[in-house]
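**Student:** Next come a sequence and a model predicted from it.
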Amino acid sequence: MTLDACPHGLFALDQEQLRSPYDLYRQWREMGPVVYLEDQDIYIVTRHDLIKSVNRQPVLFSNQNPLGPSSALAAEAIAAVLADFSEEAVTRATIVLNRGNVLFTADPPEHTRHRRLLNVALKRSAIDRIKDDIDLIARQAVGSIERGTVIDLNKALAVPVPIHCLATLLGVPRAYTDDFHRWAEAINASIGSAMSEDKIREVIQDQMDFWSFFEAEIVSREQAPGQDLLSAIATATSAIDAPLTLSEKVGFCSQLIGAGADTTTKLIGFATLAMAQDQSLQDELRQSPEKIGPFAEEILRLEPPVQGMFRVTTADTELDGTHIPQGSMVWLLYGSANRDDSVFACPNHVNLARPNPGDHLSFGSGPHICIGANLARQVAHSVLTQLLVQTERIALPESAEQPTVLPSYVMHGLASLTVRLT
Ligand code: HEM
């Protein structure tokens, strides 16, 4: 099915459309499993089973540009601005911008080697080791929020806690939390939106600071490793693989900061909004804390922080009858798959007793499935638990307008969330 113009302003970053693109996604799903947007020159894969099938073919559907057209445009704009920076600056900013050609932007066999070397560092037992720290960070952050007044939950909780947890896991002092936030914003600045030249200059400077900091931290851990994640990255080995290079190590850190902090922030924001809008849901979760896990999965399914990932075809191919030429951009629309009613009954509603809560694609699927999902789930669970345990009511202010969402059709999150805790 071909559409010659995107009808609803998604790509024009229209607020209303970005806040809830799901009706548009439903229309695309009804048009077919593959919809070609002629004006964007993108093939959108809308259905759950077909997206999973594409993700099982990482060579044919390459990850060379997983963040899509806006990132490619940003890379060109940044390259133009970089002309007046030093050669070293250009190399470093390009590596951070390209996510270091490691994991996220790599294809097999390099990607397979990266995963073998790094999977162990983020497996469930590594997260379990710092679970008490995560609980403590969440408890203190919720405890320090003023009661009875209107606050921005993003500023007070959803932004700092995931960053602080990530810094703890990496083994970096808490004092760097603000820098982590700045670096995460710099790394993600170009995803699904455009940047001014001034913004590009600011972002490049932040990316250079990021590089200098992590290079020094990694080199010191290569010499004297500890128990933290940065030491695991610095010293990662396997029986059959060449060790990671320094660029690969810093590139991986840029992915952790870029992919890890911001996304969990968005999950906490949407989960808190859903609770603030529905007192009976809050009460149910307070009475039955074992439902907090399924609730977080439902929010992930309904409001995926990453709406979809892009692939580039490395050969002519066909997807469910649609011919796709080599070099085409394919958008795997996870936000659509998550509401595919052949997989999820009553897909637009929260169901805490859903039989298949983890079948959503918000962490992707296949070889590129999110390496940080265990951490994200633990952080969200600790924060939501503390919010519910330490309050009687999470409410939206009486005068609340619809929350503004960030201007990106890829990264889906609230720009701010005003609530009152009592
Ligand atoms: C709610 C939170 C999160 C969401 C929704 C999320 C989502 C995703 C998605 C959709 C992918 C891409 C899968 C694909 O290519 O199709 C991904 C990959 C990745 N994520 Fe996450 N993520 C989250 C948290 C984290 C955290 C906490 C970390 C790090 C600590 C992390 C690190 C990564 C990395 C490094 C990759 C690349 C993996 C690869 O290509 O092999 N993410 N994530």
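**Tutor:** Here it is on my side, so go on.

**Student:** Distance across stretch 122-132, terminal residue to terminal residue?
**Tutor:** Taking CA to CA, to the nearest Å, stretch 122-132 runs 16 Å from one end to the other.

**Student:** buried set for that stretch?
**Tutor:** Neighbour-count burial for stretch 122-132 flags 122, 126-127, 130 (criterion: 16 or more other CB atoms under 10 Å). C-betas here are computed from N, CA, C, even on glycine.

**Student:** which SS state does Asp39 fall under?
**Tutor:** coil (DSSP: H, G, I helix; E, B strand; the rest coil).

**Student:** What sits closest to the residue nearest the centre of the chain if chain neighbours are left out?
**Tutor:** By CA atoms, centre = their mean, the chain has its centre lying nearest to Thr263, at 3.8 Å. Sequence neighbours aside, Pro305 is the residue nearest to Thr263 in space, at 4.3 Å (criterion: CB to CB, 6 or more residues apart in numbering).

**Student:** May I have the residues that are in contact with that neighbour?
**Tutor:** 262-264, 266-267, 270, 362, 411-413 (CB atoms under 8 Å, 6 or more residues apart in numbering).

**Student:** residue boundaries of the strands in the stretch 1-150 of the chain?
**Tutor:** Counting by DSSP state E, counting those that start in this stretch, the stretch 1-150 of the chain has strands at residues 2-3, 34-37, 42-45, 61-62, 150-152.

**Student:** can those go into TSV with extra columns for mean pLDDT, distance to the ligand and mean neighbour count?
**Tutor:** Listed next are the strands of the stretch 1-150 of the chain as TSV, based on pLDDT from 0 to 100; distance: least, CB to the nearest ligand atom, whole Å; neighbours: other CB atoms under 10 Å:
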stretch	mean pLDDT	distance to the ligand	mean neighbour count
strand 2-3	61	23	14
strand 34-37	95	17	21
strand 42-45	96	11	24
strand 61-62	98	10	23
strand 150-152	95	20	16
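
**Student:** The stretch 151-300 of the chain against the ligand: which residues are in contact?
**Tutor:** For the stretch 151-300 of the chain, the contact set with the ligand under CB under 6 Å from any ligand atom comprises 166, 255-256, 259-260, 263-264, 267.

**Student:** In helices, which of the residues you listed fall?
**Tutor:** Cross-referencing those against helices under DSSP state H gives 166, 255-256, 259-260, 263-264, 267.

**Student:** Format the strands of the stretch 1-150 of the chain as a markdown table; extra columns: distance to Ser328.
**Tutor:** Formatted as a markdown table, the strands of the stretch 1-150 of the chain follow (distance: least, CB to CB, whole Å):
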| stretch | distance to Ser328 |
| --- | --- |
| strand 2-3 | 13 |
| strand 34-37 | 9 |
| strand 42-45 | 6 |
| strand 61-62 | 10 |
| strand 150-152 | 41 |
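
**Student:** what's the nearest residue to the closest residue to the ligand within the chain if we skip its chain neighbours?
**Tutor:** When distances are taken as CB to the nearest ligand atom, the chain reaches nearest to the ligand at Gly372, 2.0 Å away. Nearest non-adjacent residue to Gly372, counting by CB to CB, 6+ apart: Gly260, 4.9 Å away.

**Student:** per-residue pLDDT, that neighbour?
**Tutor:** What the model reports for Gly260 is a pLDDT of 85.

**Student:** what sits against it?
**Tutor:** 162, 166, 372, 375-376.

**Student:** Go through those residues and give me the one with the most neighbours.
**Tutor:** Most neighbours among the contacts of Gly260, by other CB atoms under 10 Å: Pro162, with 30 neighbours.

**Student:** Now do the same contact list for that residue.
**Tutor:** Taking CB under 8 Å, 6+ apart, we find Pro162 in contact with 260-262, 264-265, 268, 376, 379.

**Student:** Kindly report the same for His181.
**Tutor:** By CB under 8 Å, 6+ apart, the contact set of His181 is 159-160, 163, 261.

**Student:** give me that answer again for 10 Å
**Tutor:** Applying CB atoms under 10 Å, 6 or more residues apart in numbering to His181 gives the contacts 159-160, 162-164, 257, 261-262, 265.

**Student:** How far away from the center of its chain is the helix or strand containing it?
**Tutor:** Here His181 is covered by helix 177-188, with elements defined by DSSP states H and E. Here helix 177-188 is found 14 Å from its chain centre; the criterion is CA atoms, centre = their mean, to the nearest Å.

**Student:** Name the next helix or strand downstream of that helix, please.
**Tutor:** Toward the C-terminus, helix 177-188 is succeeded by helix 197-223 as the next helix or strand (DSSP H and E).

**Student:** helices or strands up against that next one?
**Tutor:** helix 69-82, helix 87-97, helix 177-188, helix 229-235, helix 246-276 (3 or more CB pairs under 10 Å, 6 or more residues apart in numbering; DSSP states H and E).

**Student:** Residues in contact with the fourth one: which ones?
**Tutor:** If you take CB under 10 Å, 6+ apart as the criterion, helix 229-235 is touched by 117-118, 120-122, 126, 130, 166-172, 214, 217-226, 228, 243-244, 246, 248-250, 252-253, 256, 375.

**Student:** quick check: mean pLDDT across it?
**Tutor:** Per-residue pLDDT over helix 229-235 has a mean of 92.

**Student:** which parts of that helix are buried?
**Tutor:** 229-234.

**Student:** Kindly reformat those as JSON lines containing distance to Arg47.
**Tutor:** JSON lines is the format used below for these (distance: CB to CB, whole Å):
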{"residue": "Leu229", "distance to Arg47": "36"}
{"residue": "Leu230", "distance to Arg47": "40"}
{"residue": "Ser231", "distance to Arg47": "42"}
{"residue": "Ala232", "distance to Arg47": "37"}
{"residue": "Ile233", "distance to Arg47": "36"}
{"residue": "Ala234", "distance to Arg47": "42"}
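
**Student:** tell me the pLDDT at Met309?
**Tutor:** Met309 carries a pLDDT value of 96.

**Student:** Please shift the residue numbers so they start at 14 in all later answers.
**Tutor:** Sounds good: first residue 14 from here, last item Met322.

**Student:** ok, it - how many residues close by?
**Tutor:** Neighbour count for Met322, taken as other CB under 10 Å: 24.

**Student:** Report the beta-bridge partners for it.
**Tutor:** Leu345 (DSSP bridges).

**Student:** That one and Leu23, how far apart?
**Tutor:** Distance of Met322 to Leu23, given as CB to CB, to the nearest Å: 16 Å.
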